[in-house]
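# Structure, please.
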Amino acid sequence: MSKNKRNTSQFQGEFKSNTPPNFDGESEEGAEGWLLNMSKYFRAYNYLGNLKIRLDTYQLNGKETLWWEENKSIKKIQRKNMTWKIFKKEFKNKYLTKIYFDEKTKNFHELRLELSTMDVFVNKFMS
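Numbering: from 1, shown residues only. Predicted coordinates for the structure are as follows:
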């Protein structure tokens with residue numbers, strides 16, 4: 001078996017056994033988690049460049065797929081110019097707004113250790 005066929009077969013096996021996360025636009029926190037998990041997935045499997053874009057856009061579901069296709073068309077983003085960095089910027093502009101981060105900051109500042117147990121405090125802090 002040639003080296004290329006073995007690498008493709010190995011990739012397909014890895015993909016089937018440990019699939020990357022899907023994103024269906026359920027929440028802003030879900031969007032933030034999805035981006036982090038995709039980044040971890042890319043590092044774990046050493047994905048580079050164009051493969052990242054092909055995989056992450058494939059993991060979008062439903063209306064999120066439509067959003068991406070419309071966004072590319074409106075902004076005239078061509079496949080050959082697409083990078084993971086551009087995708088993340090567009091994704092964050094859509095799903096991780098300033099309002100979302102302002103709310104997270106507000107919630108952080110409102111945490112009070114004396115009002116709960118340490119476990120509850122740590123869980124709230126981590127979220």
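
# At the geometric centre of the protein, which residue do we find?
Centroid-nearest residue in the chain: Leu35, 2.0 Å away (criterion: CA atoms, centre = their mean).

# Buried residues, the helix or strand that residue falls within. List them.
For Leu35, the host element (DSSP states H and E) is helix 28-44. Buried residues in helix 28-44, counted by 16 or more other CB atoms under 10 Å: Glu28, Ala31, Glu32, Trp34, Leu35, Met38, Tyr41, Phe42. Where you see a C-beta, it was placed from the backbone N, CA and C, and this is true even at glycine.

# which non-adjacent residue is nearest the first one?
Here the nearest residue to Glu28 in space, its sequence neighbours aside, is Tyr100; by CB to CB, 6 or more residues apart in numbering that works out to 4.5 Å.

# Sketch out the low-pLDDT regions of the protein for me.
Scanning the chain for pLDDT under 70 picks out the ranges 1-17, 112-116, 121, 125, 127.

# domain assignment for it?
26-96, 97-127 (automatic domain parsing).

# Any idea how many residues pack against the closest residue to Gly30 other than its chain neighbours?
Nearest-residue entry for Gly30: Phe23, 7.0 Å, with adjacent residues in sequence omitted and distances by CB to CB, 6+ apart. The tally of other residues near Phe23 (other CB atoms under 10 Å) stands at 22.

# backbone phi and psi for Phe23, please?
With angles defined as degrees, to the nearest 10, Phe23 sits at phi -130, psi 130.

# Wait, it touches Ala31, no?
Yes. Counting by CB atoms under 8 Å, Ala31 is a contact partner of Phe23 at 6.8 Å.

# which SSE is Thr57 in?
helix 49-58.

# contacts for that helix?
Contact partners of helix 49-58, identified using CB atoms under 8 Å, 6 or more residues apart in numbering, comprise Pro20, Met38, Phe42, Tyr47, Thr65, Trp68, Met82, Thr83, Trp84, Phe87.
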